[in-house]
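Visitor: Output the structure for:
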Amino acid sequence: MADRSYVYEPVSTEAPVKTQAHNMEQGQLWRQYIIAGVANIATIALGFALGWTSPVNLKLLDPNDTPLSRPVTNDEISWIGSLLSVGAMFGPFIGGFLASKIGRRWSILLSSVPLIVGFVLVVAVQNVAMIYAGRVFWGLAVGMLYTVLPMYCAEIATDDTRGALGSFLQLFVVLGFLLVYGVGPFVPYFTLQYVGIAVVAVFCVLFFFMPETPMYYLNQDDVDSAAKCLQIIRGKSRAGVQAELDKMAAEVKAANEKTANLSDVFRGANFKAFYISCALVAAQQLCGINAVLFYMATIFETAGASLDSAIATIIIGAVQVGASAVTPLVVDRLGRRMLLLISCTGTTIGLGLLGMYFILDTNGNAVVDSMRFLPILALVLFIVTYCVGLGPLPWAIMGELFPIEVKALASPIATAFCWMLSFLVTRYFNPIADAVGMGVAFLIFGVCCIIAFFFTFFMVPETKGKSFQEIQEMLAGKTSPSKSEKM
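Guide: Numbers count the residues shown, from 1 in each chain. Next comes the predicted model:
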């Protein structure tokens, strides 16, 4: 029998060759991008659900367009916007549990169940309560996917592509926003829901054929399945992936030797990873992104912008997609910290301009008539800079910072915290804006972005190009960041 350390079975049907030759295998990098892209089709459906309120709110308020027996009230609009975040608080714990028990792949596939249930409820709508319920089910899927997808993408990626694949989540979410913004204002209420169902169906069919992550199989002591997964993902033979597989197995073995419980999340390097992750998702929500996106059309109507609100919203959606497409291209070159600092600066300026406009408008300043373009300009700046940093990177960084043994415990808590803040922002944005004015509300968000800038500058480590082991050593203070990482 052949020496198994010397001869391996390749992925293709070619004859076995020697390990030394396989050490030079280049593999097929595009496979990682295709697999991550297919997985993130689910987040197109999430973006559709998250942006759904922008075109639908106007329909629900219109006596001639609402599917209900009466127009909804402003308070009901606030609940419709915010209840998705309630579901998203519970989804992470479901997703984290399923990811550890049945795998990342099946957890992602099962997220389609609450998505479909949500669409069924809003299609069969008889009263506002059914819309509330549909939004909660969509939120469950959001929480599940925002927990498991970063985990999945981080575990299939090589060290030098992890940032790019982690940024896919934001890119595909904004594709969902653009879809609902582009279709919603121009089709009947029920047609819009069928478009969303079609997206979920396409995801289920395509992702069914995608692989599980090698890390999950190694956690189950199934080395052969892990090797086959890694061969598919890398496009290499068994010999070609052996060194990487051995490294992964060593990491998993070291992690399994540590019996993690909830208290471990709040100790040492784990706690540092936890509070950095929580601070970044807090910055993501407290910059006001969901208030802006959920009430996009309403903001344009209130501002009296010269462009039709539906067209302006589509422009913003297209800008989101363009900006989000930049991050995967540059994140592994510029690094996470640099993009976060740029993002915090840009969102601060955008919110400042938006707040100034609304304050001038409220005070009846005559200059406002010549500044009707400003809400669009400010929102474009806000969206562009949000999408290159605060949007995608908290999730990518979270997938990198937590060690394997606490990831399933810590990620759901941080994700639930994120969506709790999202609920508070979306539920109380309108009442706060009514009480202090839309302009002051946006300035409050701007102050939060300033705080996020300084937190990132002083506290967030650079993880660009580092292995999971190197990141853990850095968090534990065993290595010193280079000068480039401090910039």
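Visitor: For the spatially closest residue to V388 that is not a sequence neighbour, give me its contacts.
Guide: With C-beta to C-beta, 6 or more residues apart in numbering as the criterion, V388 has its nearest non-adjacent residue at 5.1 Å, and that residue is T327. For glycine as for every other residue, the C-beta is placed from the backbone atoms N, C-alpha and C. By C-beta atoms under 8 Å, 6 or more residues apart in numbering, the contact list for T327 reads A164, S167, Q170, L171, L339, C387, V388, G389, G391, P392, L393.
Visitor: low-scoring stretches of the chain, by residue?
Guide: In the predicted model, the chain carries pLDDT under 70 at residues 1-24, 257-260, 293-299, 301-307, 309, 479-487.
Visitor: quick revisit: please convert the buried members of the contacts of T327 into PyMOL selection syntax.
Guide: Buried residues among those (16 or more other C-beta atoms under 10 Å), as a PyMOL selection:
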select buried, resi 164+167+170+171+339+387+388+389+391+392+393
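Visitor: So which of the contacts of T327 is the closest to E473?
Guide: Checking the contacts of T327 against E473 by C-beta to C-beta gives L393 as the nearest, at 21.3 Å.
Visitor: List the contacts of the closest one.
Guide: Neighbours of L393 in contact, by C-beta under 8 Å, 6+ apart: G166, S167, L280, T327, V331, R336, L339, L340, S343.
Visitor: Would you confirm that the second one contacts P394?
Guide: No: with the criterion set as C-beta atoms under 8 Å, S167 and P394 do not qualify as a contacting pair; they are 11.0 Å apart.
Visitor: Dump stretch 131-140 to CSV, keeping only the CA atoms.
Guide: Once non-C-alpha atoms are left out, stretch 131-140 reads as follows in CSV (Å, rounded to 0.1, in the frame of the first residue of the first chain):
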residue,chain,number,x,y,z
ILE,A,131,-47.4,42.9,9.4
TYR,A,132,-46.0,43.1,12.9
ALA,A,133,-45.6,39.3,13.0
GLY,A,134,-44.1,39.2,9.5
ARG,A,135,-41.5,41.8,10.5
VAL,A,136,-40.6,39.8,13.7
PHE,A,137,-40.1,36.6,11.6
TRP,A,138,-37.9,38.5,9.1
GLY,A,139,-35.9,39.8,12.2
LEU,A,140,-35.3,36.2,13.3
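Visitor: Run through who's touching that stretch.
Guide: Here stretch 131-140 has contacts from 46, 49, 52, 60, 79-80, 83-91, 94, 114-115, 117-122, 125, 419, using C-beta under 8 Å, 6+ apart.
Visitor: Point out the ones among these that are inside helices.
Guide: If you go by DSSP state H, the contacts of stretch 131-140 have 46, 49, 60, 79-80, 83-91, 94, 114-115, 117-122, 419 in helices.
Visitor: Quick one, which of those are buried?
Guide: Buried among these (16+ other C-beta under 10 Å): 46, 49, 60, 79-80, 83-91, 94, 114-115, 117-119, 121-122, 419.
Visitor: Mind telling me what element the residue nearest to V388 is part of?
Guide: helix 309-334 (DSSP states H and E).
Visitor: after that helix, next one along is what?
Guide: Next element after helix 309-334 (DSSP H and E): helix 336-362.
Visitor: What is that next one packed up against?
Guide: On a contact count with 3 or more C-beta pairs under 8 Å, 6 or more residues apart in numbering; DSSP states H and E, helix 336-362 meets helix 296-303, helix 309-334, helix 374-385, helix 393-401, helix 438-459.
Visitor: can we see that at 7 Å?
Guide: Applying 3 or more C-beta pairs under 7 Å, 6 or more residues apart in numbering; DSSP states H and E, one finds that helix 336-362 contacts helix 374-385, helix 393-401, helix 438-459.
Visitor: Most tightly packed of those?
Guide: helix 393-401 (a mean of 27; mean count of other C-beta atoms under 10 Å).
Visitor: Can you show me the CA trace of that helix as PDB?
Guide: The C-alpha trace of helix 393-401 is given here as PDB (Å, rounded to 0.1, in the frame of the first residue of the first chain):
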ATOM      1  CA  LEU A 393     -16.400  45.900   9.000                       C
ATOM      2  CA  PRO A 394     -17.900  45.300  12.500                       C
ATOM      3  CA  TRP A 395     -19.200  42.000  11.200                       C
ATOM      4  CA  ALA A 396     -15.900  41.000   9.500                       C
ATOM      5  CA  ILE A 397     -13.900  42.000  12.600                       C
ATOM      6  CA  MET A 398     -16.200  40.100  14.900                       C
ATOM      7  CA  GLY A 399     -15.700  37.000  12.800                       C
ATOM      8  CA  GLU A 400     -12.000  37.400  13.300                       C
ATOM      9  CA  LEU A 401     -11.600  38.400  16.900                       C
END
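Visitor: Specify the angle between that helix and helix 336-362 in degrees.
Guide: 150 degrees (axes from the mean of the first three to the mean of the last three C-alpha atoms, to 10 degrees).
Visitor: Pop out the phi and psi values for D62.
Guide: Phi and psi for D62, reported as degrees, to the nearest 10, are phi -90, psi 120.
Visitor: Now do it against D369, distance only.
Guide: 28 Å (C-beta to C-beta, to the nearest Å).
Visitor: same deal with L329?
Guide: Note on L329: its distance to D369, by C-beta to C-beta, is 40 Å.
Visitor: any chance of the helices and strands packed on helix 336-362 in TSV, with distance to L175 too?
Guide: Putting the helices and strands packed on helix 336-362 into TSV (distance: least, C-beta to C-beta, whole Å) gives the following:
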stretch	distance to L175
helix 374-385	14
helix 393-401	16
helix 438-459	25
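Visitor: how about those, which one is nearest C287?
Guide: Across the helices and strands packed on helix 336-362, the minimum distance to C287, taken as C-beta to C-beta, is reached by helix 438-459, at 5.1 Å.
Visitor: So which other helices or strands are in contact with the helix or strand just after the closest one?
Guide: Scanning forward in sequence from helix 438-459 by DSSP H and E, the next helix or strand is helix 468-475. For helix 468-475, the elements it packs on are helix 268-286, helix 393-401, judged by 3+ C-beta pairs under 7 Å, 6+ apart.
Visitor: For the ones you listed, give me JSON lines that also has distance to P214.
Guide: Output for the helices and strands packed on helix 468-475, formatted as JSON lines (distance: least, C-beta to C-beta, whole Å):
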{"stretch": "helix 268-286", "distance to P214": "22"}
{"stretch": "helix 393-401", "distance to P214": "15"}
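Visitor: tell me the helices in the stretch 1-150 of the chain, going along the chain?
Guide: Counting by DSSP state H, counting those that start in this stretch, the stretch 1-150 of the chain has helices at residues 19-22, 30-39, 41-51, 53-61, 74-101, 104-110, 112-123, 128-156.
Visitor: Identify the residues contacting the third one?
Guide: Put plainly, it is helix 41-51. Residues outside helix 41-51 that contact it (C-beta atoms under 7 Å, 6 or more residues apart in numbering) are 84, 108, 111, 115, 118, 138, 141-142, 145, 149, 169, 172-177, 179-181, 196, 199-200, 202-203, 206-207, 293.
Visitor: Next, find the distance separating E251 from V123.
Guide: Separation of E251 from V123 (C-beta to C-beta): 46 Å.
Visitor: what does T347 give?
Guide: T347 is 36 Å from V123, where distance means C-beta to C-beta.
Visitor: Repeat that for V368.
Guide: 41 Å.
Visitor: Please apply the same query to L29.
Guide: Applying C-beta to C-beta, the value for L29 to V123 is 41 Å.
Visitor: now swap in E462 and tell me
Guide: E462 sits at a distance of 46 Å from V123 (criterion: C-beta to C-beta).
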